[in-house]
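# when you get a sec, could you give me coordinates for this:
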Amino acid sequence: MIIIDSQAVKNTCNASVESKGFCFYKATNGIKRHLAIDTLGFPFFTHCTCANVSDDAGLIEMFTLNIDYFKSKPIDIPKITILLDHGYHPEYLTQELERIYKGDYD
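Numbers count the residues shown, from 1 in each chain. The predicted structure follows:
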């Protein structure tokens, strides 16, 4: 089981101009941290983007960058359950993840 969430935080003074973005939901100018954890709170993956990147896009980027983890998943684990909050769009994510993983994980 993987729990996903993101957090928009203010930009620090030493962050580059390219890393800036504005999150309209949080009214924050800065970066967004995307985090995938297990049920004990230990991190699977982390990924940072500009704050204006949507939660969905950040999750897809994070999973795409860590595709090797899912490809090396033991065969006796039938499915991985992903828990999301209301900031994500499950229908869109299902389509995009199926496209990325090309049906290998039904």
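# contacts only, for the most centrally placed residue in the chain.
In the chain, the centroid-proximal residue (Cα atoms, centre = their mean) is residue 59; its distance is 2.3 Å. Applying Cβ atoms under 8 Å, 6 or more residues apart in numbering to residue 59 gives the contacts 4, 6, 34, 84, 88, 93. The C-beta positions use only the backbone N, C-alpha and C, and glycine is treated the same way.
# same thing but at 10 Å, please
4-6, 34, 36, 45, 47, 53, 82, 84, 87-88, 93, 96-97 (Cβ atoms under 10 Å, 6 or more residues apart in numbering).
# residue 38 too?
For residue 38, the contacting residues are 1, 2, 3, 44, by Cβ under 10 Å, 6+ apart.
# nearest to residue 67 among these?
residue 44 (12.9 Å; Cβ to Cβ).
# doesn't the closest one lie inside a helix?
No - per DSSP: H, G, I helix; E, B strand; the rest coil, residue 44 lies outside any helix segment and is strand.
# now do it against residue 94, distance only.
19 Å (Cβ to Cβ, to the nearest Å).
# between those two, who's got more neighbours?
More crowded of residue 44 and residue 94, by other Cβ atoms under 10 Å: residue 44, with 15 against 11.
# give me the pLDDT value at the residue lying closest to the more buried one once chain neighbours are set aside.
Spatial nearest neighbour of residue 44, excluding adjacent residues (Cβ to Cβ, 6 or more residues apart in numbering): residue 36 at 4.3 Å. Looking at residue 36, its pLDDT is 93.
# picking up where we left off before, just the buried ones from the contacts of residue 38?
residue 3 (16 or more other Cβ atoms under 10 Å).
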